[in-house]
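J.: structure for the following, please:
(one chain, ligands or ions: 1)
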Amino acid sequence: MSGNDQVLYQPEILLDETFTLAECPNWDARNNRLYWTDILNCKLHALDVASGQRRVWEFDSELGCFGLTDAGRIIVALRKDILFLDPETDERVALCRIEDGIKSRTNDGKIGPDGAFWVGTMDDNPDKQPIASLYRITPDGVIDQKATGFKISNGIAWSPDGAQMYHSDSRGPWVNRWDFDVASGDISNCTRFLDLDDTLGRPDGAAVDMDGCYWSAGVSAGNLNRFAPDGTLLLSIPMPMPNPTMPCFGGPDMKTLYVSSHQEGYSAEKRAEFPHAGKLVSLRVEVPGVAVTRFREKG
Ligand SMILES: O=C1O[C@H](CS(=O)(=O)O)[C@@H](O)[C@H](O)[C@H]1O
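T.: Here you go, the predicted structure:
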């Protein structure tokens, strides 16, 4: 069933494939293509929605997040390495490294309205300590630590006008909102937007729609939650798997929500109980999403 035929808010299985830790779906409007990562399997995946063509790129460490660039490349955050990938030639060019010497990995990240790559990290140890940070990476490879003291940096997204940045710690579990200067990438005036728990689900990946509503994957409750700009819960949509990880708007009208999920640490019995865990779903929504900016390679 194509995205245009789906009933509103009804999740449909997009692909009959399961991934261990699918995250970071990204819509490539130029090519009508969805990209996502399978973090722990160190892979980047792509689906050409019209043709169904699938492509996979493999890397040598966990692929936490990535973003699309204005030059048609992909900026990729591996465990520590940040590099450019040309998806057509498979050429890879190193840019910089992040958090060398710290037992952490990159996690959620996104290109901001300032055209920079915002990358969060997470404590990679079983007992999560607040060692994680949020960084801004510019085309010249300058890494600027913007905030720190998190356990699992997540949920980054910007308001439609770019003046506000949302950011979560899945193990807070909370979502903060910052004032954002699009010209400089400066952030200020951090306020608490949401305090969450396992009722609605810990805040994993997120996206914002054109009404300024924050869509958050409630990763510990199997929900996709939509919050108004004042923090009011507007919708909580049950997903067909226990652990949704991140929403992303796409499709020609930006009214198709693609949602990734995980089966990290599942036993064989749990996988059998939840056969859709680790799959991607899509659902139609009423309000289009905010298009994610491309990384400004070309200045
Ligand atoms: O993005 C991620 O978030 C989840 C969050 S939680 O641990 O369920 O609170 C984490 O499991 C996953 O490893 C990480 O990539």
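
J.: who's in contact with Asp198?
T.: Neighbour list for Asp198: 220-221 [criterion: Cβ atoms under 8 Å, 6 or more residues apart in numbering]. (Glycine included, C-beta is placed from N, CA and C.)

J.: do Asp60 as well
T.: Contacts of Asp60 by Cβ under 8 Å, 6+ apart are 42, 78.

J.: who does Ile152 form a beta bridge with?
T.: Met122 (DSSP bridges).

J.: and it, how many residues sit next to it?
T.: Using other Cβ atoms under 10 Å, Ile152 is surrounded by 24 other residues.

J.: thought Val76 was touching Asp86?
T.: No - using Cβ atoms under 8 Å, Val76 is not in contact with Asp86; the gap is 11.0 Å.

J.: compare these two and say which is more crowded by neighbours.
T.: For Val76 versus Asp86, the count of surrounding residues by other Cβ under 10 Å is larger for Val76: 24 against 14.

J.: direction included, what does the helix or strand harbouring that one pair up with?
T.: Assigned by DSSP states H and E, Val76 falls within strand 74-77. Sheet pairing of strand 74-77 (DSSP bridges) gives strand 65-68 (antiparallel), strand 81-85 (antiparallel).

J.: tell me which of these sits most buried.
T.: Among these, strand 65-68 has the highest mean neighbour count (mean count of other Cβ atoms under 10 Å), at a mean of 26.

J.: what's the average pLDDT for that strand?
T.: For strand 65-68, mean pLDDT rounds to 98.

J.: contact partners of that strand?
T.: With Cβ under 8 Å, 6+ apart as the test, strand 65-68 has contacts from 23-24, 26, 28, 35, 37, 44, 74-77, 85, 106-111, 117, 119-120, 292, 294-295.

J.: run the last query once more with 6 Å
T.: Strand 65-68 is contacted from outside by 24, 28, 74-77, 108-109, 111, 117, 294-295, using Cβ atoms under 6 Å, 6 or more residues apart in numbering.

J.: stretch 122-142 now?
T.: By Cβ under 6 Å, 6+ apart, the surrounding residues in contact with stretch 122-142 are 95-96, 103-105, 107, 116-121, 143-153, 171, 185, 297.

J.: what's the end-to-end length of that stretch?
T.: In stretch 122-142, first residue to last residue: 20 Å (Cα to Cα, to the nearest Å).

J.: buried residues of that stretch, list them for me.
T.: Under the neighbour-count criterion of 16 or more other Cβ atoms under 10 Å, stretch 122-142 has 122-123, 128, 131-139 buried.

J.: report the contact partners of Ile152.
T.: 122, 170-171.

J.: number of residues surrounding the residue of the chain found nearest the ligand?
T.: Relative to the ligand, the nearest point of the chain is Ser170 (3.6 Å; Cβ to the nearest ligand atom). Ser170: 27 surrounding residues under other Cβ under 10 Å.
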